[in-house]
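Student: Output the structure for:
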Amino acid sequence: MLERLCAVVIGLAALAAPGLAQAGIPECNNVRLEDVASGGCELRGSAQCSASCDRLGIYKKACATKLQTVCRQDCTFTADASCSDECTVSCKSECDRGVSITCHGNCFGECSGSCDAKCEGAADAAQCRASCEATCDGECDVSCPSVDAACYTHCVECCGGSCTAQANMDCQTTCQDQEFETCERDLEIDCSGSCSVEGALFCNGQYIISGSELPGCVEALIARGTLEASASGSVTLGGPDGLSAPSSSVGCSLGRRRAAPAFGAGLASFALLALARRRRR
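Tutor: Numbers count the residues shown, from 1 in each chain. Here you go, the predicted model:
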């Protein structure tokens, strides 16, 4: 029987670095994880996982991210010129004062600042906020190709992504709303079915990913420079029954607690080795 101690708990602080501030992690269904660094994440299995899947409203982030991509083919409005002009003038003044502006680092914040007003009075504020932020995230990601460029170039890209997202916000919200209930139901089924097999990843109490996609997501996060690790429980993977964990186990906590460098590096190496062994099987 293949056994793996779930000893790597993913500290997400590294994901907030400018070079990594993209819309999402492709291996984790493109869900944005920078914003959960302070709250942390948990890899849950067995009974604890099953109980988590039964909660209402835990699939907002995952569904909004998925549906933004689906709806983008129909929501193709271009950025409003007045929005772009106002934004770039303000942004250029920041550059002129010596403020370091990067498209990836600033676009999401510029865009998501409109979500409070957008979702005020919405029937489902949490869903509206998730859709709004996913729209900002998706448009900002495709609008930020430059890495090493002048500050004003980053301003133009940043404002283009933010204003395009705002132009498509109503279309995205309406389009996503039509499929949200189905998406949440499907993810609940996926989550419940994976609890006794592969487990599921939750961040700030929200479902992120589960099943056979989970190891790739974890490995991708490790590969992105996650070296802060701490073991808070153990989960056994493998065998005919897949993943099992004692009911008292709290799973693997993904947070910001700092381990000693040698300890953290050792845990990361152990997890990568375990994933490699698992794949060979």
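Student: CA only for contacts and neighbour counts going forward, please
Tutor: OK.
Student: next SSE after the helix or strand hosting Gly109?
Tutor: Applying DSSP states H and E as the criterion places Gly109 in helix 103-112. For helix 103-112, the following helix or strand on the C-terminal side (DSSP H and E) is helix 115-119.
Student: Can you point out the buried residues in that next one?
Tutor: By 16 or more other C-alpha atoms under 10 Å, the buried positions in helix 115-119 come out as Cys115, Lys118, Cys119.
Student: would JSON lines of those with distance to Ile58 be doable?
Tutor: Below are the buried residues of helix 115-119 laid out as JSON lines (distance: C-alpha to C-alpha, whole Å):
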{"residue": "Cys115", "distance to Ile58": "19"}
{"residue": "Lys118", "distance to Ile58": "21"}
{"residue": "Cys119", "distance to Ile58": "18"}
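Student: Looking at pLDDT only, which of those scores worst?
Tutor: Checking pLDDT across the buried residues of helix 115-119, the minimum falls on Lys118 at 92.
Student: what's the longest helix in the protein?
Tutor: helix 169-194 (DSSP state H).
Student: who touches the helix holding Gly109?
Tutor: By C-alpha atoms under 8 Å, 6 or more residues apart in numbering, the residues outside helix 103-112 that reach it are 18-19, 21-22, 132-133, 136-137, 140-141, 144, 146, 154-155, 157-159, 161-163, 165-166.
Student: So which of these belong to helices?
Tutor: Counting by DSSP H, the contacts of helix 103-112 contribute 132-133, 136-137, 140-141, 154-155, 157-159, 161-163, 165-166 to helices.
Student: from those residues, which is closest to Lys61?
Tutor: Ranked by distance to Lys61 (C-alpha to C-alpha), the ones in helices among the contacts of helix 103-112 are led by Glu133 at 8.9 Å.
Student: I'd like to know how far the residue lying closest to that closest one once chain neighbours are set aside sits from Gly211.
Tutor: Nearest residue to Glu133 in three dimensions, chain neighbours excluded: Ser112, at 5.8 Å (C-alpha to C-alpha, 6 or more residues apart in numbering). Ser112 sits 31 Å away from Gly211, going by C-alpha to C-alpha, to the nearest Å.
Student: neighbour-wise, which of these two wins?
Tutor: Using other C-alpha atoms under 10 Å, the more surrounded residue of Ser112 and Gly211 is Ser112, with 21 against 18.
Student: Export the helix holding Gly109 to CSV, keeping only CA atoms.
Tutor: The C-alpha trace of helix 103-112 is given here as CSV (Å, rounded to 0.1, in the frame of the first residue of the first chain):
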residue,chain,number,x,y,z
CYS,A,103,0.1,45.3,-14.4
HIS,A,104,-0.1,41.9,-12.6
GLY,A,105,0.4,43.6,-9.2
ASN,A,106,-2.1,46.4,-9.6
CYS,A,107,-4.8,45.4,-12.2
PHE,A,108,-6.9,43.2,-9.9
GLY,A,109,-7.0,45.7,-7.1
GLU,A,110,-7.9,48.5,-9.5
CYS,A,111,-10.7,46.5,-10.9
SER,A,112,-12.1,44.8,-7.8
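Student: No more questions from me, cheers.
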